[in-house]
Every structure is written in structure tokens, then in C-alpha cells.
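Engineer: With the input below, show me the fold.
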Amino acid sequence: GTEGAVSLEGLAAGVVGSIVLAAFAIAIGLNHASALVPCIIAAFIANNVESLIGASVQGRIPWMTNEVVNFINTLVGAVVAILICAFF
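Structural biologist: This is a model prediction of the structure:
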């Protein structure tokens, strides 16, 4: 899609995807059930950060490739999930 585009469909797909992946990780024993909500929240925040980066700097900065944006997205999601689990 369009870099940095935000749509209701995209947000819904991101939330549904995070629910499915987190539930699968719980089902196969990689995560405890208490990790479901932090995973969903972290994925939602990371998804929006990725959109913000895509809309603001991707394509304007030569090294800000899709791979770099995906790395940042993954890093943000991981950090947010760790912080949620550490403080709540």
C-alpha cells in the first residue's frame, strides 16, 4: 500500500493479526496467557509508529528503506511489550 497510509482496514488487520499471532504463541506454549494483552497493545503501537515513519521520513531519507522501517517497527513492538510486562 501507500507508505504511511492509515486506514481503518489496516488498523483492524493489524489488531486481528496481533491477536492471532499472540494466541498461537500461547497455544503452542511460547507465551503465557497473561502476555496476550501486552502483545496486542505493543503491536498496535508499533503498527502506528511504522505508519508515522512511513508517512514522514521513508522515501525522503535514502537509507530509510522498508527493511529499516520494519526493523524499527519490530524494535518498538518488543520494547513496548517488555515495558508493559515490567511495569504492569
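Engineer: can you pull out the helices in the chain?
Structural biologist: 8-27, 36-56, 66-87 (DSSP state H).
Engineer: As TSV, these with mean pLDDT and mean neighbour count would be great.
Structural biologist: For every residue, glycine as well, the C-beta is placed using N, CA and C. Formatted as TSV, these follow (pLDDT from 0 to 100; neighbours: other C-beta atoms under 10 Å):
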stretch	mean pLDDT	mean neighbour count
helix 8-27	94	13
helix 36-56	93	18
helix 66-87	95	14
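Engineer: Look up phi and psi at Gly64.
Structural biologist: Quick fix: residue 64 reads Met, not Gly. phi -80, psi 70 (degrees, to the nearest 10).
Engineer: Now do the same contact list for it.
Structural biologist: By C-beta atoms under 8 Å, 6 or more residues apart in numbering, the residues touching Met64 are Ile53, Val57, Gln58.
Engineer: So which of those residues is the closest to Thr74?
Structural biologist: Nearest to Thr74 among the contacts of Met64: Ile53, at 12.4 Å, using C-beta to C-beta.
Engineer: how far away is the closest one from Ile82?
Structural biologist: Ile53 sits 20 Å away from Ile82, taking C-beta to C-beta, to the nearest Å as the criterion.
Engineer: Just the C-alphas of stretch 49-69, formatted as CSV.
Structural biologist: The C-alpha trace of stretch 49-69 is given here as CSV (Å, rounded to 0.1, in the frame of the first residue of the first chain):
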residue,chain,number,x,y,z
VAL,A,49,4.8,4.1,14.7
GLU,A,50,5.6,2.3,11.4
SER,A,51,2.8,4.3,9.7
LEU,A,52,4.2,7.5,11.1
ILE,A,53,7.7,6.7,9.9
GLY,A,54,6.4,5.7,6.5
ALA,A,55,4.4,9.0,6.2
SER,A,56,7.1,11.3,7.5
VAL,A,57,10.6,10.1,6.6
GLN,A,58,10.6,6.9,4.5
GLY,A,59,11.4,7.9,0.9
ARG,A,60,12.9,11.2,1.9
ILE,A,61,16.0,9.8,3.6
PRO,A,62,17.9,7.5,1.3
TRP,A,63,18.9,4.9,4.0
MET,A,64,15.3,4.7,5.4
THR,A,65,14.4,1.6,3.4
ASN,A,66,11.4,-0.6,4.0
GLU,A,67,13.8,-3.0,5.8
VAL,A,68,14.9,-0.3,8.2
VAL,A,69,11.3,0.7,8.9
